[in-house]
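Student: test case, fold it:
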Amino acid sequence: MRNTVEFRGQIFDATHGSPFDRGSADSWYSRGQEPHWYPEGTGHGTRIESKDMSMAELRAYFAGYEYNEQFGGKKSWD
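Tutor: Below is the predicted model:
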């Protein structure tokens, strides 16, 4: 079963490796925005880079980043 998140009136697939998930993870780890995702799950299979992402995938990535900025936390490196 897929994990979903509702944000700004849209439902996003937040499955591990999805564009939304990768955006939120980049925010969590205080990384810059670098759209990407893994269709087979994070770290498995081919990493899809921004140049090969659809507009919907890019929107999901940026929504995930913004969602974590607004509601999530940040990794503590202490």
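
Student: next one: the nearest residue to residue 57 once chain neighbours are set aside from residue 66, what distance?
Tutor: Take residue 57 and drop its neighbours on the chain: the residue closest to it by Cβ to Cβ, 6 or more residues apart in numbering is residue 19, 4.5 Å away. All C-beta atoms are positioned from the backbone trio N, CA, C, and that covers glycine. Separation of residue 19 from residue 66 (Cβ to Cβ, to the nearest Å): 13 Å.

Student: please say which of the two ends up with more neighbours.
Tutor: residue 19 (30 against 16; other Cβ atoms under 10 Å).

Student: mind showing which ranges of this protein have poor pLDDT?
Tutor: The model of the chain has pLDDT under 70 over residues 1.

Student: could you pull out the strands for it?
Tutor: Counting by DSSP state E, one finds strands in the chain at the ranges 4-7, 10-13, 36-37, 48-49.

Student: show me what the first one is packed against.
Tutor: If I follow you right, that is strand 4-7. Packing partners of strand 4-7 (3 or more Cβ pairs under 8 Å, 6 or more residues apart in numbering; DSSP states H and E): strand 10-13, helix 55-71.

Student: can you list contacts of the first one?
Tutor: Surrounding strand 10-13, the residues in contact under the criterion Cβ atoms under 8 Å, 6 or more residues apart in numbering are 2-6, 18, 20, 60, 63-64.

Student: I am finished for the moment; much appreciated.
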